[in-house]
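Asker: my questions are about this predicted structure, shown below with the sequence.
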Amino acid sequence: MNEFSFLVDGVQTMAANPKMLVMWVVGALLIWLAIEKDFEPALLLPMGFGAILVNLPLPGVLGNIVVDAAGHTTVVGAPGIVTWLFQAGIETSEAFPLLLFVGIGAMIDFGPLLSNPRMLLFGGAAQFGIFLTVVLAVLLGFPLKDAMSIGVIGAADGPTSILVSQTLGSAYMGAIAVAAYSYMALVPVIQPMAIKLVTSKKERMIRMPYNPKSVTKTTKILFPIIVTLIAGMIAPDSVALVGFLMFGNLIRESGRLESLSQTAQGPLANLITIFLGITIAFTMQADRFLNVGTLIVMALGLFAFVFDTIGGVVFAKILNIFLPQGKKINPMVGGAGISAFPMSARVIQKMALKEDNQNHLLMHAVGANVAGQIGSVVAGGIILSLAKVFLA
Amino acid sequence: MNLTTLAVAFQSLIGEVTTENIDHSLELMGKGMLGIFIVMVLIYALIVGLDKLTGGKKEKQ
């Protein structure tokens, strides 16, 4: 009967490591959030299924992985498909998150930002939560490289979070990805709460007339090229992120590559999303995922989102001290300076209409939100640059 | 003034909290936010410049 022992090998391995069962529940929870609650389903569903897939006993989709005393993993023999996807798509080149940026760039219309460029300042201010979270994470005892990676959850930008945590070699990449995408889906809950904490009703009712300047096609074409040049010279570690984002945008704005633009926005972004989700699940193996650190990472991610929003709002309030009556900025617009596009802009518009049904802030908020896209990738790049100094 | 002189190193649930890391994280916050604003202001200036450059052409048309 020994020939049939393979029928019970899996059960025996499972019994020896019941943490895998817990990860099945985590996977099922992510799938439930994706399907029932519509929380970033494109990412959470593949990640949820992947979490189950990589927590099956025996080599399966991972291959024979040996973990040494220091926690480093080595694949013995041929890697399984998820291991191979992780090695090729994330570990060696960060290809998946970067390719996704081509699609995101092709989706973004920088027009509202180009016609109202002061919104860029909010895209900078609303990254404050990232750095405050790094300080808090360090105070909680995380090593600096993990603290930096955790802070980037506040960028509200999944691909940037994954790329930074991979580049810095954070042990919490799986938790960081789950937190980044979960909280992005919770922007309509998190942002109103954070904004109301630091604004009065009177401030939320400030009206902002929208008189956009026309933006020429030449400006729209030159913008992605010159921003890439600036990023390349000032923050070289952000150039891959900014460059791929701007490459996608140039395809869109060229007006000559409609088919490529549609491909980047649709099939390319969809394909990468499918594989990114299931590939990230590689980092959700029970032994490395189930620990107190994961729970704290999730809590810190929420902190980062809240303080990013507060950073943008408070910055707008500070600007208002110096602005004359009639030119004041509704502080809620500052909160849209995070990267969750276009969800954050919609949330601000909804909040403004709730306070005053004639107050339309959507286009201002879209401008700040698009600036947040640039701000988040620049923040990611700056963290990578500073990591070289601090982690040397 | 060194802000971390008041900090005390201790062992947390996750790991050791060191004054060196606290120092670095505060420095990261200052330099990081400054860096982001520098890049954003440069892009702001770029947009204003591009607007003047290409807007002029538009008026001629």
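Answerer: Sure, I can see it. Keep in mind that this is a model prediction, so the values were computed, not measured.
Asker: residue boundaries of the helices in chain B?
Answerer: Using DSSP state H, the helices assigned to chain B run over residues B:19-60.
Asker: and the residue of it closest to chain A?
Answerer: B:Ser12 (3.2 Å; C-beta to the nearest C-beta). All C-beta atoms are positioned from the backbone trio N, CA, C, and that covers glycine.
Asker: which ones are touching that residue?
Answerer: A:139-141 (C-beta atoms under 8 Å, 6 or more residues apart in numbering or on different chains).
Asker: mind listing which of those are in helices?
Answerer: Short answer: these in helices (DSSP H) are A:Leu139.
Asker: any regions of chain B where pLDDT drops low?
Answerer: B:1-10, B:56-61 (pLDDT under 70).
Asker: around chain A, which positions in it sit nearby?
Answerer: Counting by C-beta under 8 Å from any C-beta of the partner chain, the positions of chain B adjacent to chain A are B:11-17, B:21-22, B:24-29, B:31-33, B:35-44, B:46-48, B:50-51, B:54-55, B:57-58.
Asker: please pick the buried ones from those residues.
Answerer: Neighbour counting by 16 or more other C-beta atoms under 10 Å in any protein chain shown classes B:14, B:17, B:21-22, B:24-26, B:28-29, B:31-33, B:35-40, B:42-44, B:46-47, B:50-51, B:54 among the residues of chain B next to chain A as buried.
Asker: taking the stretch 101-250 of chain A, what residue is nearest to chain B?
Answerer: Using C-beta to the nearest C-beta, the single residue of the stretch 101-250 of chain A nearest to chain B is A:Gly141, 3.2 Å away.
Asker: you'd agree A:Met173 is up against A:Gln166?
Answerer: Yes - assessed by C-beta atoms under 8 Å, A:Met173 is found in contact with A:Gln166 at 6.2 Å.
Asker: more neighbours: which of these two?
Answerer: Neighbours around A:Met173 and A:Gln166, counted as other C-beta atoms under 10 Å in any protein chain shown, are more numerous at A:Met173. The numbers are 26 against 23.
Asker: thought A:Val134 was touching A:Asp146?
Answerer: No - checked against C-beta under 8 Å, the pair A:Val134 and A:Asp146 is beyond contact range at 9.7 Å.
Asker: looking at the two, which is more packed in?
Answerer: A:Val134 (31 against 25).
Asker: just give me the neighbour total for the nearest residue to the more buried one once chain neighbours are set aside.
Answerer: Leaving aside its sequence neighbours, A:Val134 sits nearest to A:Gly151 (C-beta to C-beta, 6 or more residues apart in numbering or on different chains; 3.9 Å). Neighbour count for A:Gly151, taken as other C-beta under 10 Å: 34.
Asker: does A:Gly151 sit in a helix or strand, and which one?
Answerer: If you go by DSSP states H and E, A:Gly151 is part of helix A:144-151.
Asker: what is that helix packed up against?
Answerer: With contacts taken as 3 or more C-beta pairs under 8 Å, 6 or more residues apart in numbering or on different chains; DSSP states H and E, helix A:144-151 sits against helix A:128-139, helix A:158-167, helix A:173-185, helix A:292-322, helix A:362-390, helix B:19-60.
Asker: just the CA atoms of the third one, as PDB, please.
Answerer: Once non-C-alpha atoms are left out, helix A:173-185 reads as follows in PDB (Å, rounded to 0.1, in the frame of the first residue of the first chain):
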ATOM      1  CA  MET A 173       6.000  42.600   1.200                       C
ATOM      2  CA  GLY A 174       2.800  40.500   1.300                       C
ATOM      3  CA  ALA A 175       1.300  42.400   4.100                       C
ATOM      4  CA  ILE A 176       2.200  45.700   2.500                       C
ATOM      5  CA  ALA A 177       0.600  44.700  -0.800                       C
ATOM      6  CA  VAL A 178      -2.600  43.500   1.000                       C
ATOM      7  CA  ALA A 179      -2.700  46.700   3.100                       C
ATOM      8  CA  ALA A 180      -2.100  49.000   0.100                       C
ATOM      9  CA  TYR A 181      -4.900  47.600  -2.000                       C
ATOM     10  CA  SER A 182      -7.300  47.100   0.900                       C
ATOM     11  CA  TYR A 183      -7.100  50.600   2.100                       C
ATOM     12  CA  MET A 184      -7.300  52.000  -1.400                       C
ATOM     13  CA  ALA A 185     -10.700  50.300  -1.600                       C
END
